[in-house]
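J.: Fold the following, please.
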Amino acid sequence: LLHETTRWIPRAPLGHQSTRRALLEKPVAIPRAAVKGLISAPLPFLRAYSHVLEMQDVHMPEFLAFIENLNIVQTAPAPLQALGLVGTGIGFVPWHWAFAAGAALEITAAAASKSITVSRTKTFLETVNSEYFGPRNLKVSLRKDEELAGITGYPESWPALVPVDEHMTIVSVRDRRMQALAPYIAPLSLDVPPPAPPQNMLDKISAKTVARKLQNQNKKDLKEQKKLREDEGDEEDPEKRERKNLKKVKKLEYIVIENLH
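T.: As a prediction, this is how the structure comes out:
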């Protein structure tokens, strides 16, 4: 899997100019699509690019390939996905033993998947840092929101989320947090080419899984948007909902690219 997911790394050595590149003024931070559930697999990272990376010889096609392959590395193996689905199906059988057995299968599949994906991710990031980002005087890591705030110097006294008003199009917790962080991170562009067609069966299975997760998340975002647009008669207290959103912020995770030294 490591060989398949790092084929995008150029094998030609960098020129001497690469060692003289200016430092990044701000780190690049790319979030996951949204916060994941307690036992669910991580949601994919957004396909995005920051043009400040061009000055570091990190070009869009290679960077998008990095994100796509990181998402593949973090996708649970197909057999464990199937085991989790079996557990879900058994849980719908109207007997208490079936519910317990289904839940046990789901938890077992989730735990095994997490163990495998954590190991895969560690190896993948070590490789791309050694062979790609390191030679460009950069380093990449996965960071929780609190860690990113520390790296960027985001003031602790500032609100974690930009406020929502009736004219606002940004409604998801992820986008509201990114808007709040905007002065402290490099600008991102979502205007990127579509992913390349999968080249083998592993890529096809993983790509379908990633696409399904993103589709489901888009549906959830639209539902949340509708909820936020409802009138004042909404039965849930807006302050209570915002407290829930602040808890979600703490669970956000990002790809972070920063200077090596």
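J.: measure stretch 184-196 end to end?
T.: 32 Å (Cα to Cα, to the nearest Å).
J.: so residue 160 touches residue 246, yeah?
T.: Yes. Residue 160 lies in contact with residue 246 (Cβ atoms under 8 Å); the separation is 5.9 Å. The C-beta positions use only the backbone N, C-alpha and C, and glycine is treated the same way.
J.: the more surrounded of those two?
T.: More crowded of residue 160 and residue 246, by other Cβ atoms under 10 Å: residue 160, with 19 against 14.
J.: Shouldn't residue 197 be within a strand?
T.: No. With DSSP: H, G, I helix; E, B strand; the rest coil as the criterion, residue 197 is assigned coil and is not in a strand.
J.: From residue 33, how far off is it?
T.: Counting by Cβ to Cβ, to the nearest Å, the gap from residue 197 to residue 33 is 21 Å.
J.: Look at these two and report which has more neighbours.
T.: Taking other Cβ under 10 Å, residue 197 and residue 33 do not tie; residue 33 has more neighbours (21 against 8).
J.: I'd like to know how far that one sits from residue 127.
T.: According to Cβ to Cβ, residue 33 stands 24 Å off from residue 127.
J.: In three-state terms, how would residue 248 be classified?
T.: Assigned with three-state DSSP, residue 248 falls in the helix class.
J.: Share the number of residues neighbouring it, please.
T.: By other Cβ under 10 Å, neighbour count at residue 248 equals 17.
J.: Stretch 35-52: end-to-end distance?
T.: Terminal residues of stretch 35-52 are spaced 27 Å apart (Cα to Cα).
J.: swap that for stretch 10-26, please
T.: Stretch 10-26: ends 25 Å apart by Cα to Cα.
J.: Quick check: mean pLDDT of that stretch?
T.: Taken as a whole, stretch 10-26 carries a mean pLDDT of 74.
J.: what about residue 135, how many neighbours?
T.: Quick note: residue 135 (other Cβ under 10 Å) scores 16 neighbours.
J.: same check, this time on the one 5 residues further on
T.: If you count neighbours by other Cβ under 10 Å, residue 140 ends up with 21.
J.: And it, how far from residue 2?
T.: For residue 140, the distance to residue 2 - Cβ to Cβ - is 16 Å.
J.: cool, residue 252 as well?
T.: Applying Cβ to Cβ to residue 252 and residue 2 gives a distance of 27 Å.
J.: Looking only at neighbour counts, state which of those two leads.
T.: Applying other Cβ under 10 Å to residue 252 and residue 2 shows that residue 252 carries more neighbours, namely 22 against 12.
J.: Phi first, then psi, for the residue nearest to the more buried one when sequence neighbours are not counted.
T.: Residue nearest to residue 252 in three dimensions, not counting chain neighbours: residue 145, with 4.4 Å by Cβ to Cβ, 6 or more residues apart in numbering. Note on residue 145: backbone dihedrals following degrees, to the nearest 10 are phi -60, psi -40.
J.: where does the chain have low pLDDT?
T.: Within the chain, the segments meeting pLDDT under 70 span 1, 15-21, 36-41, 76-115, 166-170, 198-215, 217-218, 220-236.
J.: got a list of what the closest residue in space to residue 137 that isn't next to it in sequence touches?
T.: What sits nearest to residue 137 in space, not counting adjacent residues and going by Cβ to Cβ, 6+ apart, is residue 260, at 4.8 Å. Residue 260 is in contact with 133, 134, 137, 138, 139, counting by Cβ atoms under 8 Å, 6 or more residues apart in numbering.
J.: any idea how far residue 42 is from residue 260?
T.: On the measure of Cβ to Cβ, residue 260 and residue 42 end up 26 Å apart.
J.: Assign residue 140 to helix, strand or coil.
T.: Residue 140 - assigned by three-state DSSP - is strand.
J.: I meant to write residue 61 there.
T.: Quick answer, by three-state DSSP: residue 61 is helix.
J.: what do you get for residue 255?
T.: Following three-state DSSP, residue 255 is assigned to strand.
J.: Thought residue 67 was touching it, still the case?
T.: Yes. Between residue 255 and residue 67 there is a contact at 7.0 Å, judged by Cβ under 8 Å.
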